[in-house]
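Asks: Return a 3D structure for these sequence lines:
(2 chains)
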Amino acid sequence: DGGITQSPKYLFRKEGQNVTLSCEQNLNHDAMYWYRQDPGQGLRLIYYSQIVNDFQKGDIAEGYSVSREKKESFPLTVTSAQKNPTAFYLCASSIQGNRNYGYTFGSGTRLTVV
Amino acid sequence: AQSVTQLDSQVPVFEEAPVELRCNYSSSVSVYLFWYVQYPNQGLQLLLKYLSGSTLVESINGFEAEFNKSQTSFHLRKPSVHISDTAEYFCAVTDGGATNKLIFGTGTLLAVQP
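Replies: Down below sits the predicted model:
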């Protein structure tokens, strides 16, 4: 079955370290997104990509970086510049230009700074 | 810019009682509207969507939502809730731009009590 796979499900990071969250999809979707979720704040867009080798900043991109070298993959790196990285991170994908499709989400990665 | 408001952060309700989760959006332009459900430590799953046509849309598990253009609302209802409906519910709307980015509300936690 097609879907989005996020790994790992739980991740612990020491202060000052960079960590990379994986997001892979086999839906043949062009567009991919990264969201951060904190209690009571809903989903906040970090980065999104509409096509391979191109991506745009979302609302809270500072302290994060992404790459989109392959259509299937959109990894997110949480850098040491992100001062409060503890959160639940969600990856999503959609059919570019198809507004009635909505998003397909992965199951998330919970990142904790220790 | 498009925005979505979910005024209720939490809605407690007894099992078998009816429930309404409120959602209002800002734009008067043509929009597509979605409700997503999130169970603990999981990603979001599409519950239902309004694209066009009949203003009342239904999901397979008994939820329904009514698109009201004059009130710019898309409230979610269920006539009789179950314990298993306990989850967070997010309303989303297309941003109206060239991409099909979704704008999410801050979510409503539906807490069903026995």
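
Asks: CA only for contacts and neighbour counts going forward, please
Replies: Fine.

Asks: what pLDDT does residue B:3 get?
Replies: Per-residue confidence at residue B:3 stands at 87 (pLDDT).

Asks: Repeat that for residue B:30.
Replies: For residue B:30, pLDDT reads 71.

Asks: so does the lowest-mean-pLDDT helix or strand in chain B get close to chain A?
Replies: Across the helices and strands of chain B, mean pLDDT, DSSP states H and E gives its lowest value to strand B:56-58, namely a mean of 85. No. Using C-alpha under 8 Å from any C-alpha of the partner chain, strand B:56-58 never reaches chain A; the gap is at least 13.9 Å.

Asks: same for that strand, what does it pack against?
Replies: Packing partners of strand B:56-58 (3 or more C-alpha pairs under 8 Å, 6 or more residues apart in numbering or on different chains; DSSP states H and E): strand B:44-50, strand B:64-68.

Asks: Please enumerate the strands of the chain.
Replies: As the question left the chain open, I've gone with chain A. Using DSSP state E, the strands of chain A run over A:4-7, A:10-13, A:19-25, A:31-38, A:42-51, A:54-57, A:64-66, A:76-78, A:87-94, A:104-105, A:109-113.

Asks: let's do chain B instead
Replies: B:4-5, B:10-14, B:19-21, B:24-25, B:33-38, B:44-50, B:56-58, B:64-68, B:73-78, B:87-94, B:102-104, B:108-113.

Asks: The last one - contacts with which helices or strands?
Replies: Counting by 3+ C-alpha pairs under 8 Å, 6+ apart, the packing neighbours recorded for strand B:108-113 are strand B:10-14, strand B:87-94.

Asks: Can you mark which positions in the first one are buried?
Replies: Neighbour counts over strand B:10-14 (16 or more other C-alpha atoms under 10 Å in any protein chain shown) mark B:10, B:13 as buried.

Asks: which strands and helices sit next to that strand?
Replies: Applying 3+ C-alpha pairs under 8 Å, 6+ apart, one finds that strand B:10-14 contacts strand B:108-113.

Asks: For chain A, which residues are neighbours of chain B?
Replies: Counting by C-alpha under 8 Å from any C-alpha, the residues of chain A close to chain B are A:40-43, A:90, A:96-100, A:102-108.

Asks: Are any of the residues you listed buried, and if so which?
Replies: A:42-43, A:90, A:96, A:99-100, A:102-108.

Asks: which stretches of chain B have low pLDDT?
Replies: Counting by pLDDT under 70, chain B has low-confidence residues at B:28, B:96-99.

Asks: Looking only at stretch B:87-101, what residues are buried by neighbour count?
Replies: Across stretch B:87-101, burial judged by 16+ other C-alpha under 10 Å covers B:87-96, B:100-101.

Asks: Show residues contacting that stretch.
Replies: Stretch B:87-101 is contacted from outside by A:96-99, A:102, B:1-4, B:6, B:23, B:25, B:29-40, B:102-111, using C-alpha atoms under 8 Å, 6 or more residues apart in numbering or on different chains.
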